[in-house]
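Novice: sequence-free structure coming up:
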């Protein structure tokens, strides 16, 4: 598996790079379809924060994207935490794919189905305003292609990405829908009404 490493305010030593390639690069033993991975480190400069190093890893695996983001006291501990989380996510993906293929169903989008482009604004943004009359501004925009999915498939993708929600086109109704993580740990579905 090809791995690219980047960092902001964290020095990536040859030993750290070796550990990354050893641990993250070895994840393909759990899922042979892992194609590439991106590892990014960032360090918080806040002296009150004890866990300063953030490690974000994104893996591409045969049309699936697996993402995790962890924070630890140093880069080596962050790699260990990311490795553990990714192993769990990969096992979950493998189990889900195995169950789907047993039932002759798939979570992959057919080539003939044309994907739709969607804008998401204000994702993962904390805005603190003193004046409550002022509308928050859009500070981040994401565009991506989506294809029809079942709600269960959308939940799987949401979990693999580590997000609190996932926007998709409901394969059963052919309309826009959102699955989201509820405070009680369950998942909710918002679907467009008739």
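Specialist: It's in. Please read all numbers here as calculations on a predicted model, not as lab measurements.

Novice: Leaving out sequence neighbours, find the closest residue to residue 28.
Specialist: Among residues not flanking residue 28 along the chain, residue 34 sits closest, at 4.3 Å (CB to CB, 6 or more residues apart in numbering). C-beta: built from backbone N, CA, C; applies to glycine.

Novice: What number of neighbouring residues does the one you found come out with?
Specialist: Residues near residue 34, counting by other CB atoms under 10 Å, number 23.

Novice: residue ranges for the strands of the protein, please.
Specialist: All strands of the chain, identified by DSSP state E, fall at 2-8, 34-43, 53-61, 64-72, 116-121, 141-146, 148-149, 165-170, 175-181, 187-191.

Novice: if you average pLDDT over each of those strands, which comes out lowest?
Specialist: Here the lowest mean pLDDT among the strands of the chain goes to strand 116-121, at a mean of 41.

Novice: circling back to that earlier point, just so I know, which of the strands of the chain lies nearest residue 14?
Specialist: Closest approach to residue 14 among the strands of the chain (CB to CB): strand 2-8, 11.2 Å.

Novice: residues of the longest helix along the chain that come out buried?
Specialist: In the chain, ranked by residue count with DSSP state H as the criterion, the top helix is helix 75-102. Residues of helix 75-102 classed as buried: 75-76, 78-83, 85-86, 89-90, 93, 96-97, 100 (neighbour count, 16 or more other CB atoms under 10 Å).

Novice: Pull out the buried residues from stretch 175-191.
Specialist: In stretch 175-191, counting by 16+ other CB under 10 Å, buried: 177-181, 187.

Novice: Tell me which two of those sit farthest apart.
Specialist: 177 and 181 (14.9 Å).

Novice: Now do the same contact list for the spatially most central residue of the chain.
Specialist: Relative to the mean C-alpha position of the chain, the nearest C-alpha, by CA atoms, centre = their mean, is the one of residue 161, at 1.9 Å. Counting by CB atoms under 8 Å, 6 or more residues apart in numbering, residue 161 touches 65-67.

Novice: what's the answer for residue 181, then?
Specialist: Going by CB under 8 Å, 6+ apart, the list of residues near residue 181 reads 158, 164-165, 187-188.
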